[in-house]
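Novice: Okay, predicted coordinates and the sequence, questions at the end:
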Amino acid sequence: MVFGFGEPAVTDMAQVPRIPIDINRTTPEGHTPAVYAGAAALTPGDPVIVFEAEDGVCADAVVISVNQDNHSIVLDVDWDSMRDDTPGDQKSEAPVDRDS
């Protein structure tokens, strides 16, 4: 199993932070900004799981940058990993088509 962009899998998914995002919001570079109260604990390169509760989906992502002053982060989301966000099942096998 591979997490994100060729990074080794995280064996304990409970330790991977879950970050709420707006899947329609991206930077000009194609990254996804988010606000996260625990941003001080994240560093660039950290794997996270992003989710959008409204659509009930989640995806793998990697932290690109952290701004501790305003608790914001920028994420590189692996859109191909998007799947139904099922409680207790962080790696569901049901991919979601983001363009539908």
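Specialist: Okay, I see it. Residues are numbered from 1 along each chain as shown.

Novice: Low-confidence regions, this structure specifically.
Specialist: 1-14, 38-40, 87-100 (pLDDT under 70).

Novice: mind listing the strands for it?
Specialist: Along the chain, counting by DSSP state E, strands occupy 2-3, 7-8, 18-20, 32-35, 47-52, 57-67, 72-77, 83-84.

Novice: closest one to A41 among these?
Specialist: Distance to A41, taken as CB to CB, is lowest for strand 57-67 among the strands of the chain, at 9.2 Å. C-betas here are computed from N, CA, C, even on glycine.

Novice: Adjacent strands (with direction) for the closest one?
Specialist: Strands adjacent to strand 57-67 in the sheet, as given by DSSP bridges, are strand 47-52 (antiparallel), strand 72-77 (antiparallel), strand 83-84 (antiparallel).

Novice: Only the buried residues of the second one, if you could.
Specialist: Using 16 or more other CB atoms under 10 Å as the test for burial, strand 72-77 gives I73, V74, L75, D76, V77.

Novice: Redo the strands paired with strand 57-67 as TSV? Include distance to I23.
Specialist: Shown next, in TSV, are the strands paired with strand 57-67 (distance: least, CB to CB, whole Å):
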stretch	distance to I23
strand 47-52	5
strand 72-77	8
strand 83-84	13
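
Novice: So which of those is nearest I64?
Specialist: Smallest distance to I64 across the strands paired with strand 57-67 (CB to CB): 4.4 Å, for strand 72-77.

Novice: Show me the two of the buried residues of strand 72-77 that sit farthest apart.
Specialist: I73 and V77, at 11.6 Å, using CB to CB across these.
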